[in-house]
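1. Attaching a predicted model along with its sequence, questions to come.
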Amino acid sequence: MLKEFKEFIMSGNVVDFAVAVILAGAVGLMVNSFVSDVVMPVVGYFAGGMDFSDLRYVLEPASVAADGTEVKEVAVRWGAWLNTIMNLIIVGFVMFMIVKSYNKATKRNTEEEPAGPTSEELLAEIRDALKK
């Protein structure tokens, strides 16, 4: 059983999947940083200097309870949600471009193979050879 598990773990599919998961996490962090640190400040600049990550609708402001404990505010953070939507759009666009490039490369590889004669052409050659 231990030998089977070792063979399973060391198979190419599991290792490839592990690499893909790690890379996806890194790409996710990169896209999040790109949206938060590059895209949204530019959008905020053109929207009058707004910082979208701080936009929220406060349902209950922060306060101090009677026993001295601090109660955090309750807010709908729609600016952070907007950043997440931008992340989704950028990741979706990048994935679209990757798949489109892959499909184009795959199609090009299949088109490069020389096409043989069609069955009609072969039958015409056989007919002509029989006539001679």
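-> Perfect, I can see it now. Bear in mind the structure is a predicted one, so any value in this text is a computation, not a measurement.
2. Tell me where this protein is predicted with low confidence.
-> The chain contains residues with pLDDT under 70 at 12, 109-115.
3. Do a quick rundown of the helices in it.
-> Counting by DSSP state H, the chain has helices at residues 2-9, 12-34, 40-46, 78-112, 119-131.
4. Nearest to residue 58, out of these?
-> Nearest of the helices of the chain to residue 58, taken as CB to CB: helix 78-112 at 11.3 Å. C-beta here means a position set from N, CA and C on the backbone, and glycine is covered the same way.
5. what distance separates that closest one from the middle of the whole chain?
-> 6 Å (CA atoms, centre = their mean, to the nearest Å).
6. buried set for that helix?
-> Buried positions in helix 78-112, judged by neighbour count with 16 or more other CB atoms under 10 Å: 79, 82-83, 86-87, 91.
7. for stretch 39-52, same thing?
-> So, applying 16+ other CB under 10 Å, buried residues of stretch 39-52: 39-41, 44, 52.
8. give the contact list for residue 63.
-> 70-71 (CB atoms under 8 Å, 6 or more residues apart in numbering).
9. next one: residue 53
-> Under the criterion of CB under 8 Å, 6+ apart, the contact partners of residue 53 comprise 36, 40, 79-80, 83.
10. from memory residue 70 sits against residue 61, does it?
-> No. Using CB atoms under 8 Å, residue 70 makes no contact with residue 61, being 11.7 Å away.
11. sorry, back to before: in terms of distance to residue 20, which of the buried residues of helix 78-112 ranks first?
-> Residue 20 has its nearest neighbour among these in residue 91, at 14.5 Å by CB to CB.
12. Would you quantify the distance from that closest one to residue 5?
-> 34 Å (CB to CB, to the nearest Å).
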